Each structure stands twice: as C-alpha cells, then as structure tokens.
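**Q** No sequence on hand, only this structure:
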C-alpha cells in the first residue's frame, strides 16, 4: 500500500468577520491540501475557538465558550461538507460541544464520504476543569481507514502513555495529536510526550498546534508550537525520530508521507522491539527500606 500524504495545519488565531468567513478559511485549507495530493488534513485543538472572535471583542472565557458551543453543530456540519467536497479525510481539530449536561472537548474525524465520528478528550487540564467547566469525555477509540488504523490523542491526553497504548493495542499506527498550549513549556510537554509515544509504541505521532496571539480572547490569548511528525528512532526512520517539522508559531501547512508498512517492518525487524516488549500489566514497584 502506498504511503498516505498527511497535511498538518497549524491554525492562526486571527478572528473572522463572521461564521461563513471562518468556514471559507477551512475550505481553502482543504482545497490546498487536496490539490497537493493529501489524503488526510489535520487541524489543531480548539481551533474552533477562533470563531468566537466574530462576536467577542474583549476577553471573557465564559462568553467565548458559550458562543462556540452554540455554533458547534453548525460548524461540524460545515466540516462534513468540506471533507465530502474535497474527498479528503479531515480531523476537524476540536470543538467544545454539549453532551447531555456537560461540555466535552470533541475531535470530529470525518471521512470523504461524509461519515462523522468523534474522539473526546479524556484528561482535562487545570484551566479546562477548574476555570472553564469543560469535562472529560469518552475513552480512546481507533478509527479504521482504507490505509490503516488511526487514533486521536488530544493534547494533554498524549501526556499519558496508557491513553495512546490503548489505541496502539487496537491497531493504531498513526496517532494524531491536535494541541493548544499557551507557552513553550506546555508545547514541549506535548511535543516530548508525543515523541516518547512514537518510540515506546513504534508508531507515528503527529502534533498539530494552534498558533498566534489573540488579544481579544481570554481562552486562546497565547498559543505556541509547530507542526511535526514523529517516528520511532530505528530501522528506516530518521535517527532523531523527527520526519517533518514546521516553523515555530507559523500557520503554514506542513506536508509529509506516512508509510504504515514501515511501522510493520520496524515492529518485527527493528534494533529494539518496544511494541512487542511492552509489559502490559505492571504492578506497583515494591518499596525497599534503605537504612
């Protein structure tokens, strides 16, 4: 099977004049990606919060969240239309949505046929849980595509090895990590953990960040990072495990190929076999008194 062409779209936080302009911006990214031959386009965590800038002119985290939640279903419908129009798989970043009485941070993954599935963020940051009122959602899933199985581990979730491991055990060879971090420290936590997940699971991990500054927003006021695709540091892959990396804080599409067959090879022929040698059931380490 030929490698998959992945388009990663760090998304700048310039506010749109209205909803239709925001959708048009996404449509253009999809058109550009499809024209370049991409099979899959991935957007960042909370890229949808940029939509609040059409109505919110001063920082107000509660009003910003309410504004985007109210438009969430319309935005997801528009993302489905975009994926179908351009015949591309689309990770629609994440969108805060009502699920029963709670608000969850949800990543819509859409097929070119218009099929829509969601991966919820499971682990909440302190900001989300303590100040914003966003709740953790459903357990990790794996999505079957014609080119292989994909997992989505949203930002903070990627900092927890067992979240990604559950997806890898179900056959995922590519983990998409849409992220939104307001400092270099936060971005590096996600970046370095994504690299670790690629090594320990012998899989690909792709980090797609929100970027730029938004003086009008209290929720996405600062956003740092760069897009990157990480790999195992072994047979057939770059020695440093970095296959592709964009410029820091730049909202430019980054294209790269994802060869799922290379993962099969490294898992059987690699210098180390992390995927095979993972000890699934690890009990707590014994405590030894040292006088």
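**A** Okay, I see it. Remember, predicted model here, so these are calculated numbers, not experimental data.
**Q** Residues touching the strand or helix carrying residue 162, excluding its own?
**A** In this structure, residue 162 sits in helix 161-169 according to DSSP states H and E. Helix 161-169 is touched from outside by 122-123, 139-142, 151, 153, 157-158, 175, 196-197, 200-201, 203, 205, 275, 278, 280, with contacts defined as CB atoms under 8 Å, 6 or more residues apart in numbering. In short, each C-beta sits where N, CA and C put it, glycine included.
**Q** ok, 7 Å please
**A** With CB atoms under 7 Å, 6 or more residues apart in numbering as the test, helix 161-169 has contacts from 122, 140, 142, 151, 153, 157-158, 175, 197, 200-201, 203, 278.
**Q** what is the orientation angle of the following helix or strand past it with helix 161-169?
**A** Per DSSP H and E, the first helix or strand lying C-terminal to helix 161-169 is strand 172-179. Relative orientation of strand 172-179 versus helix 161-169 (axes from the mean of the first three to the mean of the last three CA atoms, to 10 degrees): 140 degrees.
**Q** who does strand 172-179 pair up with?
**A** strand 148-152 (parallel), strand 204-213 (parallel) (DSSP bridges).
**Q** quick one: average pLDDT of the longest one?
**A** When the per-residue pLDDT values of strand 204-213 are averaged, the result is 98.
**Q** dump the residue contacts of the residue nearest to residue 12 when sequence neighbours are not counted.
**A** Distance criterion CB to CB, 6 or more residues apart in numbering; nearest residue to residue 12, sequence neighbours excluded, is residue 251 at 3.6 Å. Contact analysis of residue 251 by CB under 7 Å, 6+ apart lists 10, 11, 12, 211, 212.
**Q** CSV please, covering these and showing neighbour count and distance to residue 21.
**A** Below are those laid out as CSV (neighbours: other CB atoms under 10 Å; distance: CB to CB, whole Å):
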residue, neighbour count, distance to residue 21
10, 28, 19
11, 25, 14
12, 18, 14
211, 25, 19
212, 18, 17
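**Q** Return the member of those nearest to residue 34.
**A** Of all the contacts of residue 251, residue 34 sits closest to residue 11, with 17.4 Å by CB to CB.
**Q** Any figure for the gap between the closest one and residue 29?
**A** According to CB to CB, to the nearest Å, residue 11 and residue 29 sit 8 Å apart.
**Q** residue boundaries of the strands in the stretch 1-150 of the chain?
**A** Counting by DSSP state E, counting those that start in this stretch, residue ranges of the strands within the stretch 1-150 of the chain are 4-8, 11-12, 40-42, 89-91, 95-99, 102-110, 116-120, 143-145, 148-152.
**Q** Strand partners (parallel or antiparallel) of the fourth one?
**A** Sheet pairing for strand 89-91, assigned by DSSP bridges, gives strand 40-42 (parallel), strand 102-110 (antiparallel).
**Q** Just name the most buried of the strands paired with strand 172-179.
**A** Each of the strands paired with strand 172-179 was scored by mean neighbour count; the highest is strand 204-213, a mean of 26, by mean count of other CB atoms under 10 Å.
**Q** after that strand comes which helix or strand?
**A** Downstream of strand 204-213, the next assigned helix or strand under DSSP H and E is strand 222-223.
**Q** Can you give the contact residues for that following strand?
**A** The contact list for strand 222-223 (CB under 7 Å, 6+ apart) reads 13, 180, 182, 209, 210, 211, 212, 213.
**Q** 10 Å instead?
**A** Outside strand 222-223, the residues that touch it by CB atoms under 10 Å, 6 or more residues apart in numbering are 10-13, 44-47, 49-50, 179-183, 186-187, 209-215, 217, 249, 251.
**Q** which among the contacts of helix 161-169 gets closest to residue 115?
**A** residue 142 (14.9 Å).
**Q** Tell me how many other residues crowd that closest one.
**A** Other residues near residue 142 number 18, with proximity taken as other CB atoms under 10 Å.
**Q** Same check on residue 261?
**A** 13.
**Q** Is it correct that it is in contact with residue 204?
**A** No: using CB atoms under 10 Å, residue 261 is not in contact with residue 204, being 12.0 Å away.
**Q** Any chance of the contacts of residue 251 in TSV with distance to residue 113 as columns?
**A** Listed next are the contacts of residue 251 as TSV, based on distance: CB to CB, whole Å:
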residue	distance to residue 113
10	27
11	25
12	30
211	31
212	33
